[in-house]
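Novice: Have a look; sequence and predicted model below, questions after that.
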Amino acid sequence: MKNRSIFVTAGIVAIGVALGLLILIGGKPSMTTEDHGGKKTKQVEGKKTEKGGTEEAAAKGAHGGRLFSQGDFALELTIFEQGVPPEFRVYALEKGKPVDPAEVKLQIQLERLGALPEMVSFRKENDFLRGDRVIVEPHSFRVSINAERQDQAYQWTYEQSEGRVRMDEATAKGAGIELLTAGPAKIRSTLQLQGEIQFNQDRLAHVVPRLAGIVVKSAKNLGDPVKKGDLLAVLESPALADLKSEHLSTQTRLELARETFDREKRLWEEKISARQDYLASRQALAEAEIAHRNVEQKLLALGLTHAAVMRPDSGGSNGLTRYEIRAPINGVVTEKHMAIGEAVKEDASVVTIADLSTVWAEITIYPKDLGSVKLGQKVTVRASALNAEAEGQVSYVGSLIGEQTRSAKARVTLPNPERSWRPGLFVTVDLVQDETEVPVAVSVDAIQTYRDSKIVFARFGAFFEARPVKLGRSDGKWVEVVSGLAPGTPYAATNSFVLKADLGKTGASHDH
């Protein structure tokens, strides 16, 4: 009976040993190869990721970093950034106990999207190995670890990503994301001033009747477009009747004086009349011509045509008093100060016409900025209310400072073919002080803020990745990228906030 118990116990032990062997055989395999130096290398392959890479199970070490182990040897990899720029710090372990870092040779290779591989070497510092370069954001890369200790080589690989959004071309286009390429650009250094759109005073006409009269017809209203020569109003003017009557009288006297002169000239030539009579008739003719020409010029100065002057009775019974006011330029009626039946004076401004094909942007310049504003200087005029922008040059700089405003005036003449620049509109004027060529610039609209950093979403295949950038000069349209984005990199130039929103939805981690 006792022997039988011994056999049963031995059988149980044998079964346990067999199960243990099966478990060991079925565990994760390791591959042993020979490297170029003849040393044995143990390469541990991690699990496959959804991006096609491999990643060792993310075990955590005592310092909060990733723990990689093979047999009794292990490395804890951390990205340390407390009070210093991000850097790799690696701790070596043997059976869970710290190992002198001097015993370990370590090198790490980083592979980022759209960039050449980075090699990080390490040296001993206190109880860890410290990387020799800053690990710039984003911490999104494939990592290959090559370690050696006591003639034994180890390799691990893993991949981590952050600030990355997968988006195909069709989806990006549907979201209004426009792609541009980072590259050289001219950045303008500008001085920003305030201004107001005003009428071009060189293209403004104040229409006066030139004759007193009563308004009997008003042909145009406020806001009506007019062309040069269009009828604006009709007056009945007694003063015009007097002038036309005088014109008729001088014309009759002129005709009579001419007949008298012709007769006296003929008689003098035939020795019938005295020379004194001939000379008197010639003087009378000259005086009649001067009087007639004087009245005719007065009528022409009122704006009447020569044909109208020579037909003073045109228009029926009121032809002598009918006076037409016509537009002197093309433009728009901006002011009107008359109504039918109203008596107007000869010097009253009854209509104002403005040619709005060009306008002035009048700029207010305070004394401290006067030295920065010069004739011919390039400017950009913007109206936030209209989301409009135009370019021009400074055409005038005032030489006086206003007593009340303590400022000077300058102006820019702007083309206004669409009539979008309306007088009275407040504008912002950027005066270009100098232009600088920079090697890398992006659109201002491409800049977003993410984790307290300025970023640009760079495009790599099917991914957009948030790249922290250091910015330099900007002119409101382009901004210089001092570092963080290589020239030739495609990026999201518009609607990049859509990508930022996607990062917020996915809760992208900052994995160290």
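Specialist: Now that the structure is in, tell me what you want to look at. Residues are numbered from 1 along each chain as shown.

Novice: quick one: the helices in the protein?
Specialist: Taking DSSP state H to define them, one finds helices in the chain at 2-25, 169-174, 238-269, 275-301, 306-310, 497-506.

Novice: Of all those, which one is nearest Leu106?
Specialist: For Leu106, the closest of the helices of the chain is helix 2-25, at 29.4 Å, according to Cβ to Cβ. Just so you know, the C-beta spots here come from the backbone N, C-alpha and C atoms, and that holds for glycine as well.

Novice: Okay, now the unreliable bits of the stretch 1-150 of the chain?
Specialist: Counting by pLDDT under 70, the stretch 1-150 of the chain contains low-confidence ranges at 1-58.

Novice: ah, wrong one, I meant the chain
Specialist: Screening the chain residue by residue with the criterion pLDDT under 70, one finds the ranges 1-58, 306-319, 402-403, 506-512.

Novice: before we move on, back to that, out of the helices of the chain, nearest to Val208?
Specialist: helix 275-301 (12.4 Å).

Novice: Pick out the residue nearest the middle of the chain.
Specialist: What sits nearest the mean C-alpha location of the chain, by Cα atoms, centre = their mean, is Lys477, with 4.0 Å.

Novice: if I pick Val104, what's in contact with it?
Specialist: Counting by Cβ atoms under 8 Å, 6 or more residues apart in numbering, Val104 makes contact with 75, 90, 92, 129, 147-149.

Novice: hmm, 6 Å instead?
Specialist: By Cβ atoms under 6 Å, 6 or more residues apart in numbering, Val104 lies in contact with 92, 149.

Novice: so what's it bridging to?
Specialist: Partner residues in beta bridges with Val104, using DSSP bridges, are Arg149.

Novice: Domain-wise, how is the protein divided?
Specialist: Per the record's domain assignment (automatic domain parsing), the chain is made up of the domains 31-161, 166-187+437-506, 238-320.

Novice: Next one: the residue nearest to the centre of the chain relative to Glu87, how far apart?
Specialist: Summarising the geometry, the distance separating Lys477 from Glu87, computed by Cβ to Cβ, to the nearest Å, is 37 Å.

Novice: Compare the helices of the chain and give me the one nearest Val482.
Specialist: The closest approach between Val482 and any of those, judged by Cβ to Cβ, belongs to helix 497-506 at 21.6 Å.

Novice: What segments of the stretch 301-450 of the chain are strands?
Specialist: Along the stretch 301-450 of the chain, the stretches classed as strands by DSSP state E, counting those that start in this stretch are 322-326, 331-336, 343-344, 351-354, 358-365, 378-383, 388-397, 408-415, 426-443, 448-450.

Novice: May I see those arranged in TSV, with mean neighbour count and distance to Asn221 as well?
Specialist: As requested, those are exported to TSV (neighbours: other Cβ atoms under 10 Å; distance: least, Cβ to Cβ, whole Å):
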stretch	mean neighbour count	distance to Asn221
strand 322-326	21	14
strand 331-336	18	7
strand 343-344	16	17
strand 351-354	22	10
strand 358-365	22	22
strand 378-383	19	28
strand 388-397	16	28
strand 408-415	20	27
strand 426-443	17	28
strand 448-450	15	52
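
Novice: Indicate which one of the ones you listed is closest to Ala291.
Specialist: Shortest separation from Ala291 across these is recorded for strand 322-326, at 22.3 Å, computed as Cβ to Cβ.

Novice: ok and the closest one relative to helix 238-269, angle-wise?
Specialist: Going by axes from the mean of the first three to the mean of the last three Cα atoms, to 10 degrees, strand 322-326 is angled at 110 degrees with respect to helix 238-269.

Novice: Strand 322-326: partners in the sheet, and parallel or antiparallel?
Specialist: Based on DSSP bridges, the strands next to strand 322-326 in the sheet, each with its direction, are strand 231-236 (antiparallel).

Novice: The strand it pairs with vs strand 331-336, what angle?
Specialist: Between the axes of strand 231-236 and strand 331-336, defined by the same axes, to 10 degrees, the angle is 50 degrees.

Novice: in strand 231-236, what counts as buried?
Specialist: Neighbour-count burial for strand 231-236, counted by 16 or more other Cβ atoms under 10 Å, picks out 232-236.

Novice: again with stretch 185-196
Specialist: Counting neighbours by 16+ other Cβ under 10 Å, one finds that the buried residues in stretch 185-196 are 185, 187-188, 190, 193, 195.

Novice: before we move on, what about stretch 341-351?
Specialist: Across stretch 341-351, burial judged by 16+ other Cβ under 10 Å covers 344, 350-351.

Novice: Need the distance between the two termini of that stretch.
Specialist: Taking Cα to Cα, to the nearest Å, the first and last residues of stretch 341-351 lie 16 Å apart.

Novice: Equivalent analysis for stretch 413-433, please.
Specialist: Chord length of stretch 413-433, first to last residue, is 19 Å (Cα to Cα).

Novice: Other residues contacting that stretch?
Specialist: With Cβ under 6 Å, 6+ apart as the contact definition, stretch 413-433 has outside contacts at 188-193, 195-199, 356-359, 361, 363, 377-383, 388, 390, 392, 395.

Novice: before we move on, back to that, which of the buried residues of stretch 185-196 fall in strands?
Specialist: Judged by DSSP state E, the subset of the buried residues of stretch 185-196 located in strands is 185, 187-188, 190, 193, 195.

Novice: Just give the number of residues close to the nearest residue to the residue nearest to the centre of the chain once chain neighbours are set aside.
Specialist: Ranked by Cβ to Cβ, 6 or more residues apart in numbering and with sequence neighbours excluded, the top spatial neighbour of Lys477 is Val444, at 6.1 Å. Under the neighbour criterion other Cβ atoms under 10 Å, Val444 is assigned a count of 14.
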